[in-house]
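requesting a structural model of the entry that follows:
(4 chains)
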There are 2 protein chains.
Amino acid sequence: MADQSVSDIVVGRLPLYLRALDVMSKSGQSFVSSHELARWLGTSSAQIRKDLSQFGEFGVQGRGYDVHELRANLRHILHLEREWAVVVVGAGRLGSAVASYPGFAQRGFTICALFDNHPDKIGQLIGNLRVRPMSELADFVQAHRVRIAMIAVPASAAQEVADQLVQAGVRAILNYAPIDLVVPPSVRVENVDPALQLQHMTYYLSEE
Amino acid sequence: MADQSVSDIVVGRLPLYLRALDVMSKSGQSFVSSHELARWLGTSSAQIRKDLSQFGEFGVQGRGYDVHELRANLRHILHLEREWAVVVVGAGRLGSAVASYPGFAQRGFTICALFDNHPDKIGQLIGNLRVRPMSELADFVQAHRVRIAMIAVPASAAQEVADQLVQAGVRAILNYAPIDLVVPPSVRVENVDPALQLQHMTYYLSEE
DNA sequence: TAGATTGTTAATCGATTAACAATC
DNA sequence: TAGATTGTTAATCGATTAACAATC
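The predicted structure is shown next:
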């Protein structure tokens, strides 16, 4: 009922619920029960009801949840009613791909700048962004009040980049470098390392 | 001691330990204590010792763990002593980036084929791979005994691709499409959806 | 030996599940 | 009203942490 302190694990499931609701909404479905949503997502209906109940009473007994309304509520809870500006650091192969990936803009994240420290990269046009030198990073982040950054530099440079981003005011980092960043507790970090996910799965694959 | 049935959450941490050991190994460190590893990874030493103890007794009292030896043990446990062949389905922007990303090969995953069903794409050279038509998928997977696939097609096509992959004998899928795949219990799926991770973090960002 | 760190047990903590009264 | 599904409580389950004897 009150959201005085919701577990991070519950918060992490909300975007998943939202993604499912987006699809249902597009397909014109107007109501959904916790059972149906659970089947869709491969969880349990009890978990969905429990999770949602931490933030309010969004359902209707006997009917389920209004898809459009629940979607709006989740977007509000997750602060997704606004556009978020994001900077990308690293304009190599990975950084370029990340910066041009249309999936971010579709879900409310506008990539507004791309930084690199390599002279050959600076000034290049990637997608519709000109690569900027690292020396402009702090000023840019402050001037545009950017709160979110993605790191796509080699592991050896990632921590230093993270330090600079935090110093400049970034509060959330999506880290593509295969290394554990050290940041103050007020800054969130999420890691993307698909090779790690493959290595998790190979445990279950028998040797040929 | 016995690995009769280790929780998936523990298995998922092993690649993280391995990644840290790779770095330590390269920097020439020969022993590491659970405390040091925990500091490095931002976990607790008790958790590391508990996790590792599920698979054997790898440490030495008073000294810690031999970096090289523990690394070898983890690689063995995770079935990473061999190269794994991987196919990528989807040769769009995302699939191309994924197929050319050198991070997979570095960690033992060889991308050996790239498939797409779009006539314009088929035959194109991406990195050193020629894009193959979907019609060749099943034969290729069977002939080369491929067990791992990555899906990088639009959400609307992902489930059908997954069905074909499973049918052909794939046992582990890394899914880049923003949708929950339905597969038999013998097949593992891991999802990559960075936008979801951003949406998780925005919860903690105050409105401006 | 003295100091350090493991592997493991027991205690704690938190998350998931089951069940059901409330109610649309 | 009868049927369905919520929100919530209590019970279960599992994961993390603390502590320490064993031992290098």
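
for A:Gly95, give me phi and psi.
With angles defined as degrees, to the nearest 10, A:Gly95 sits at phi -60, psi -40.

tell me the SS of the residue in chain A that DNA strand C sits nearest to?
Chain A approaches DNA strand C most closely through A:Gly62 (2.5 Å), counting by CB to the nearest atom of the strand. (C-beta placed from N, C-alpha, C; glycine too.) Under DSSP: H, G, I helix; E, B strand; the rest coil, A:Gly62 falls in the coil class.

per-residue pLDDT, it?
The model reports A:Gly62 with a pLDDT of 96.

grab the longest strand from chain A for me.
In chain A, with assignment by DSSP state E, the single longest strand is strand A:109-116.

what are the pairing partners of the following helix or strand past that strand, and which direction each?
With elements assigned by DSSP states H and E, the helix or strand that comes after strand A:109-116 is strand A:125-126. Strand pairing for strand A:125-126, using DSSP bridges, gives strand A:129-133 (antiparallel).

what sits up against the partner strand?
A:91, A:99, A:111, A:113-117, A:121-125, A:140 (CB atoms under 8 Å, 6 or more residues apart in numbering or on different chains).

and these, which are buried?
For the contacts of strand A:129-133, a burial check counting by 16 or more other CB atoms under 10 Å in any protein chain shown picks out A:Ala91, A:Ala99, A:Ile111, A:Ala113, A:Leu114, A:Phe115, A:Asp116, A:Asn117, A:Lys121, A:Ile122.

now those in CSV, with pLDDT and distance to DNA strand D?
As requested, the buried ones among the contacts of strand A:129-133 are exported to CSV (pLDDT from 0 to 100; distance: CB to the nearest atom of the strand, whole Å):
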residue, pLDDT, distance to DNA strand D
A:Ala91, 97, 36
A:Ala99, 96, 34
A:Ile111, 98, 33
A:Ala113, 98, 37
A:Leu114, 98, 36
A:Phe115, 98, 35
A:Asp116, 98, 37
A:Asn117, 96, 37
A:Lys121, 97, 40
A:Ile122, 98, 43
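
and those, which two are the farthest apart?
Pairwise distances across the buried ones among the contacts of strand A:129-133 peak at 18.4 Å for A:Ile111 and A:Asn117 (criterion: CB to CB).

pLDDT value on the residue nearest in space to the middle of chain A, please?
Residue closest to the mean C-alpha point of chain A, counted by CA atoms, centre = their mean, is A:Leu174 at 7.1 Å. According to the prediction, A:Leu174 has pLDDT 98.

now do the domain split for chain A, please.
A:8-77, A:84-196 (automatic domain parsing).

quick one: is the lengthiest helix in chain A near chain B?
When secondary structure is assigned using DSSP state H, the longest helix within chain A turns out to be helix A:8-26. Yes - judged by CB under 8 Å from any CB of the partner chain, helix A:8-26 and chain B are in contact via A:Val11, A:Gly12, A:Leu14, A:Pro15, A:Leu16, A:Leu18, A:Arg19, A:Ala20, A:Val23.

residues contacting the residue in chain A that DNA strand D sits nearest to?
For chain A, the residue closest to DNA strand D is A:Gly59, as judged by CB to the nearest atom of the strand, at 2.6 Å. A:Gly59 sits next to A:Ser34, A:Arg49, A:Leu52, A:Tyr65 when contact means CB under 8 Å, 6+ apart.

shouldn't the first one be in contact with A:Lys50?
No - counting by CB atoms under 8 Å, A:Lys50 is not a contact partner of A:Ser34; they are 9.4 Å apart.

look at those two and report which has more neighbours.
A:Ser34 (20 against 12; other CB atoms under 10 Å in any protein chain shown).

which residue comes closest to that one once chain neighbours are left out?
Take A:Ser34 and drop its neighbours on the chain: the residue closest to it by CB to CB, 6 or more residues apart in numbering or on different chains is A:Ser45, 3.9 Å away.

number of nearby residues for that neighbour?
14.

quick one, phi/psi of it?
Taking degrees, to the nearest 10, you get phi -60, psi -30 for the backbone angles of A:Ser45.
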